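S.K.: need a structure here:
(2 chains)
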There are 2 protein chains.
Amino acid sequence: LSGSESSFITDLIDLNTGFPTVVLHEDDAKALGVTFGSRVRVVKGDRSATASVITSRTMVRRGSILVTPDLSSDLKLSREDRVQVKPISITAGYMALQKRLRGERLDYDEMLAIVRDVATGSFSEAEIATFLVSQLFVELSEDELHNLIRAMVETGSKIVFEEPVYDVHSIGGVPGNGKVALLTVPIVASTGLLIPKTSSRAITSAAGTADIVEVLARVEFTPSELKEIALKTRGTLVWGGSLNLAPADDIFVAIERKLNIDPWHQMVASILAKKVAMDVSNLVVDIPVGRKAKVEDIRHAERLAGLFVNQAAKLNMNIKVAITYGGQPIGVTIGPALEAREALETLMNKSGRKSLVDKALYLAGLILELSGKVPHGAGFEVAKDLFMKGRAYDKFREIIEAQGGNPNVKPDDIPIGEHKAVLYSPAEGAVTHIDNGVLLAAARAAGAPFDKGAGIVLHAKIGYRVSKGDPLLTIYSSSSVRLESALNLLTMNPPIVVEGMLIKTYP
Amino acid sequence: LSGSESSFITDLIDLNTGFPTVVLHEDDAKALGVTFGSRVRVVKGDRSATASVITSRTMVRRGSILVTPDLSSDLKLSREDRVQVKPISITAGYMALQKRLRGERLDYDEMLAIVRDVATGSFSEAEIATFLVSQLFVELSEDELHNLIRAMVETGSKIVFEEPVYDVHSIGGVPGNGKVALLTVPIVASTGLLIPKTSSRAITSAAGTADIVEVLARVEFTPSELKEIALKTRGTLVWGGSLNLAPADDIFVAIERKLNIDPWHQMVASILAKKVAMDVSNLVVDIPVGRKAKVEDIRHAERLAGLFVNQAAKLNMNIKVAITYGGQPIGVTIGPALEAREALETLMNKSGRKSLVDKALYLAGLILELSGKVPHGAGFEVAKDLFMKGRAYDKFREIIEAQGGNPNVKPDDIPIGEHKAVLYSPAEGAVTHIDNGVLLAAARAAGAPFDKGAGIVLHAKIGYRVSKGDPLLTIYSSSSVRLESALNLLTMNPPIVVEGMLIKTYP
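M.R.: Numbers count the residues shown, from 1 in each chain, chains lettered A, B, ... in the order given. Model (predicted):
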């Protein structure tokens, strides 16, 4: 009802609240009909941005506002600029959210209104949480999911290529999985297919692909740099976060992490929206299944695969979904530097752990099959051939060099944490179980992914026979304090279960 | 995993973010493992409080923190005090919330953990929203609701009386309803029953009981003042907000308003927890039913009544639930001063609008029946007798005087908005519908409840016959600008529908 709006003189305040913020005099806030925590629209010329309100009686004069660095950079504000401040009333996204809470379905315009309110910061945390939590109870319909994907693409940047774009994406959730792309991308690129892969940094894992590659080369590029590198090398291994692809996603993910929830449809939207924004027309999706992975049983994996297939069809995207074994780590390393070492070693030696090499070859093979260059069923063998002939390693070196790294780097050149400790087997027997969750927690406690040298090397995996006192794993960290804390965690929750024939004795 | 904790020197910063807040140097924040928006525990001696984090590179030195006024007053901090700051890790409430999202039921300890995290500010908006939104999809069970009520009582203050306590509570939602208690409470108190009524201020309505009484007397008291007044007059009409009864409720309500949701079980918990905290053992609950009321049909009202009855039984509270007509406003006034005038006039004249008088007498009668002093079915007549003999008015004057007001105040002494406008009937006919929602929105647009003199007087209600040009309502405001905006709203959405025999003509 209120159409109030006022003109203010700006000054700067160096506070970081996580969100563009203005400090208003309490009386000005009252006059505008807003209070601390309200959202307002700040307008300067033809630029405007949403900001959160903090009030004060003494830090700011009436008629002036203090603006935080993120807001001043969004609006190119300096001291003594003049801006308009308007309260934000009920938005279209708010109305759409109410509709979803009444159990009704949302059309494209409504979904776009929600995503736009998220992307512009008009939605508060509570509203974003409401949208996400509603999905836990009433899943998005296929149509809603399609609308969400389109809306997420629409509210971000797009990168356009003039030829078919290929990509491979793992939903993750298994330790050691981030390094697989360091093999698949060069294999595919070595055939001339265009695979400009953008990856995330670790969110809940110990090392995302971008964290691992960053040990060897730069991963942050502008869209035009990315395009230039991709067209030259046919493949990239960069961080997607700086490209403004489906930017609402980062905000959704931050709230999902806070609440420790991960609605499936939102995950599918997140992955596919970023692919559409990157112009991907041919995609292989990897769903690892296993205890403590994101997807714990095959029935769920199949449902999720169905969602991907249906949505890709609506987006005119060719897709193959691979359900893979995720019951224990991929390869034997967990953590950015350790995984970079293992991937590099595997590429150079043309051999490595079966869980790493086979997975990479299967996924690369599926992409080759999608392209039509290779007949159905022959992808694995063609990929293997490229890998064994060193074509993958050559392409990898090209990519690393194009991204500003040293193509001649050797595994031992890569620094790892100087503090380490070894966990030994308490008994003779076979390894019957490895707890992904504990390994992940320990690697993070040791400092991964921020401490690049932190992580774990496994000396035994499921099915290995060990003797009492054999080493089971080594844990690394750059900090002795963090090493200690990670070691405590491992000691209290043994992650590698060794069972002999004798299970238990009775008095 | 991190046990980090550090000692800081305090300085003050005059910012109001709506929540106790500390400004940390970015490097200190990183060392503590927190960032903007994180919650931390600030400890000084044996006091501690939860605070939200803002970071800065230049506003604060390393080793120092800036604290906002609310935090410094909670912890009695001054400049150059030394405090400990600890990151808050996963709380028991967080674990319980995860459990609810997995579809599991919460026991008392888990519900208490959630409510405690809400009351102490350990939960963010997103977490509170998650708890509330989950209820829209998976209602609380009767056991969970009972646990929630007990937890809300447990985390606040209690006021104990040495005799049975009576109370009446309306779930609201109908314009003009706030003034009913100005009749019921004195009727009941005049019989000697103890009815220390605490009310809310308007949240979404145009006038809560506390807003109306505040026109005539003070409504904010300490618990001991409240008790003293109640024991002297047998009845009170005060604001419950300053008594720290079930304080988590205010936080829940703030998020519910933001999201425009009102989960029923949460409403029942909110009402009953405050009653238990006030030692109420005999309660009458009023559920108005009608278009645009909180409850729109009788079937829903019956379900809600069942919830109240079951929960009261678990709390050993005697209860009567009255389902009342809420299809149009109660009495003819909406807004604090106008409603105070109508209630006072009705008490003095021993007569008034049937919707007001009959409702008050029925509710008072039910309380008298609950007490056993009056046989079942005779309550209305006994209440009517007390009202007609002026006993209610005498008691009302006593209460107003005890609460610091003028017992001799006359209706015309009460100031109302100096700006007014009249809405006239566009046709001859009968009033067939009154839109509660539009009246409420218009009264609020005119300034109610903050502008005490703002509001509406109805000149016609459902069933009245009017001629073309007859006045339908008068709207008041202390501001000509707000009056204009309220009038626009009324003109665009006529709230009083007059229909003659002729409904429509064709070419």
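
S.K.: Can you pull the residues of the stretch 1-150 of chain A lying near chain B?
M.R.: Selection of the stretch 1-150 of chain A residues close to chain B by CB under 8 Å from any CB of the partner chain yields A:1-2, A:13-18, A:23, A:26, A:35-37, A:54-59, A:94, A:97-98, A:101, A:124-130, A:133-134, A:136-138. Glycine gets a C-beta too; all of them are placed from N, C-alpha and C.

S.K.: what about 6 Å?
M.R.: Counting by CB under 6 Å from any CB of the partner chain, the residues of the stretch 1-150 of chain A close to chain B are A:1, A:14-18, A:36-37, A:54-56, A:58-59, A:98, A:101, A:125-126, A:129-130, A:133, A:136-137.

S.K.: Nearest spatial neighbour of whichever residue of the stretch 301-450 of chain A sits closest to chain B, chain-adjacent residues omitted?
M.R.: Chain B sits closest to A:A445 of the stretch 301-450 of chain A, with a gap of 4.8 Å, by CB to the nearest CB. Nearest non-adjacent residue to A:A445, counting by CB to CB, 6 or more residues apart in numbering or on different chains: A:A486, 3.9 Å away.

S.K.: hang on, the one you found in a strand?
M.R.: No. Read with DSSP: H, G, I helix; E, B strand; the rest coil, A:A486 is helix and lies in no strand.

S.K.: Contact partners for it?
M.R.: A:442, A:445-446, A:475 (CB atoms under 6 Å, 6 or more residues apart in numbering or on different chains).

S.K.: Top of those residues by number of neighbours, please.
M.R.: A:A446 (33 neighbours; other CB atoms under 10 Å in any protein chain shown).

S.K.: right, and it touches A:S479 too?
M.R.: No. Counting by CB atoms under 6 Å, A:A446 sits too far from A:S479 to count as a contact (8.1 Å).

S.K.: okay if I get the contacts of A:A486 as JSON lines plus distance to A:K197, pLDDT and secondary structure?
M.R.: Output for these, formatted as JSON lines (distance: CB to CB, whole Å; pLDDT from 0 to 100; DSSP: H, G, I helix; E, B strand; the rest coil):
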{"residue": "A:A442", "distance to A:K197": "28", "pLDDT": "93", "secondary structure": "helix"}
{"residue": "A:A445", "distance to A:K197": "29", "pLDDT": "89", "secondary structure": "helix"}
{"residue": "A:A446", "distance to A:K197": "27", "pLDDT": "92", "secondary structure": "coil"}
{"residue": "A:I475", "distance to A:K197": "29", "pLDDT": "97", "secondary structure": "strand"}
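
S.K.: Can you check the pLDDT for the residue nearest to A:A445?
M.R.: With respect to pLDDT, A:A486 has a value of 91.

S.K.: Quick one: neighbours of the residue of chain A found nearest chain B, just the number.
M.R.: Chain B sits closest to A:F137 of chain A, with a gap of 3.1 Å, by CB to the nearest CB. A:F137: 15 surrounding residues under other CB under 10 Å.

S.K.: Leaving out chain neighbours, which residue sits closest to it?
M.R.: Sequence neighbours aside, B:F137 is the residue nearest to A:F137 in space, at 3.1 Å (criterion: CB to CB, 6+ apart).

S.K.: How about A:V160?
M.R.: Sequence neighbours aside, A:D279 is the residue nearest to A:V160 in space, at 5.4 Å (criterion: CB to CB, 6+ apart).

S.K.: Report how many residues lie close to the one you found.
M.R.: Neighbours of A:D279 (other CB under 10 Å): 17.

S.K.: residue contacts, it?
M.R.: Contacts for A:D279 (CB under 6 Å, 6+ apart) come out as A:160-161, A:165.

S.K.: Reformat these as TSV; add neighbour count and pLDDT.
M.R.: Shown next, in TSV, are the contacts of A:D279 (neighbours: other CB atoms under 10 Å in any protein chain shown; pLDDT from 0 to 100):
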residue	neighbour count	pLDDT
A:V160	10	96
A:F161	15	97
A:V165	22	98
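
S.K.: which bits of the stretch 201-350 of chain A sit near chain B?
M.R.: Contact residues (CB under 6 Å from any CB) of the stretch 201-350 of chain A with chain B: A:255, A:258-260.

S.K.: Out of these, which sit inside helices?
M.R.: Among these, DSSP state H puts A:255, A:258-259 in helices.

S.K.: Of all these, the one with the weakest confidence?
M.R.: Ranked by pLDDT, those bottom out at A:K258, which has 83.

S.K.: Can you get me a residue count around the residue lying closest to it once chain neighbours are set aside?
M.R.: Excluding its sequence neighbours, the residue lying closest to A:K258 (CB to CB, 6+ apart) is B:A126, at 5.6 Å. Neighbours of B:A126 under the rule other CB under 10 Å: 23.

S.K.: What angle do helix A:125-137 and the helix or strand where B:A126 lies make with each other?
M.R.: Assigned by DSSP states H and E, B:A126 belongs to helix B:125-137. With axes from the mean of the first three to the mean of the last three CA atoms, to 10 degrees as the basis, helix B:125-137 and helix A:125-137 are set at 40 degrees to each other.

S.K.: contacting residues around helix B:125-137?
M.R.: A:101, A:125-126, A:129-130, A:133, A:137, A:255, A:258-259, B:97, B:100, B:118, B:255, B:263, B:265.

S.K.: starting at the chain centroid, how far to the next helix or strand after it?
M.R.: Sequence-wise, the next helix or strand downstream of helix B:125-137 (DSSP H and E) is helix B:142-154. With CA atoms, centre = their mean, to the nearest Å as the basis, helix B:142-154 stands 19 Å off its chain's centre.

S.K.: Determine which residue lies closest to the centroid of chain A.
M.R.: Nearest to the centroid of the C-alpha atoms of chain A, with distances taken as CA atoms, centre = their mean, sits A:S200, at 3.6 Å.

S.K.: which one is it nearest to, not counting chain neighbours?
M.R.: Nearest residue to A:S200 in three dimensions, chain neighbours excluded: A:G208, at 4.9 Å (CB to CB, 6+ apart).

S.K.: my read: the one you found touches A:N177, true?
M.R.: No. Assessed by CB under 6 Å, A:G208 is found out of contact with A:N177, at 9.4 Å.

S.K.: the more surrounded of these two?
M.R.: Taking neighbours as other CB under 10 Å, A:G208 and A:N177 compare with A:N177 leading, 29 against 25.

S.K.: What residues does that one make contact with?
M.R.: Residues near A:N177 by CB under 6 Å, 6+ apart: A:170, A:330.

S.K.: With A:V497 instead?
M.R.: A:432-433.

S.K.: What distance do you get for it to A:V438?
M.R.: Separation of A:V497 from A:V438 (CB to CB, to the nearest Å) stands at 10 Å.

S.K.: what do you get for A:V213?
M.R.: To A:V438, A:V213 is 26 Å away according to CB to CB.

S.K.: Comparing the two, which residue is more hemmed in?
M.R.: Neighbour count, other CB under 10 Å: between A:V213 and A:V438, A:V213 has more, with 30 against 18.

S.K.: ok, the more buried one touching A:E220?
M.R.: No. Using CB under 6 Å, A:V213 is not in contact with A:E220; the gap is 10.7 Å.

S.K.: residue ranges for the helices of the stretch 201-350 of chain A, please.
M.R.: Ranges of helices within the stretch 201-350 of chain A are A:209-213, A:223-233, A:248-259, A:264-277, A:298-314, A:336-349, based on DSSP state H, counting those that start in this stretch.
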